[in-house]
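Enquirer: Can you look at this prediction? I've put the sequence above it.
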Amino acid sequence: MLTEIGMLEMAKKYIKLNEEEINIELIIVEQLTINKPYENIYSYGPKDSTKYRLAGNGPFLVKNDTGLVIQFGTSDDVEYYLNGYEDGTWKPSIHGLWDPKQN
């Protein structure tokens, strides 16, 4: 079971992978973090937001039991994806999952 610090470390590892892909330094916007008993939902963006704008950087959740990262979409607000995830009506695509144990 991951602690709050463990989930934040996992989130930072995940955005580090994205940084390497797009060659832009990214940060987690900690004041937008949503804490749940079973996971945290993180939002991120470019460190230098005056120089860069991102597309496709929707929020993501980190499960505290496995460290699995599930990427939400960008077409709706975070509550839409979170509610759908929690009630089982929304499923992430295979490309929207990152398992740190496999990397």
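Expert: The structure has been received and is ready for your questions.

Enquirer: Secondary structure element holding residue 81?
Expert: Using DSSP states H and E, residue 81 sits in helix 78-87.

Enquirer: Name the residues of that helix that are buried.
Expert: Neighbour-count burial for helix 78-87, counted by 16 or more other C-beta atoms under 10 Å, picks out 78, 81, 82, 84, 85. (Each C-beta comes from the backbone N, C-alpha and C, glycine too.)

Enquirer: nearest residue to the residue nearest to the spatial centre of the chain other than its sequence neighbours?
Expert: Centroid-nearest residue in the chain: residue 60, 2.4 Å away (criterion: C-alpha atoms, centre = their mean). Spatial nearest neighbour of residue 60, chain neighbours left out: residue 71 (4.7 Å); criterion: C-beta to C-beta, 6 or more residues apart in numbering.

Enquirer: Looks like that neighbour contacts residue 97 (just checking).
Expert: Yes. With contact defined as C-beta atoms under 8 Å, residue 71 counts as touching residue 97 (7.4 Å).

Enquirer: out of the two, which sits in the busier spot?
Expert: The neighbour comparison of residue 71 against residue 97 (other C-beta atoms under 10 Å) goes to residue 71, with 20 against 13.

Enquirer: residue contacts, residue 98?
Expert: Each residue near residue 98 by C-beta atoms under 8 Å, 6 or more residues apart in numbering is listed here: 14, 17, 68, 69, 71.

Enquirer: Thank you kindly, that will do.
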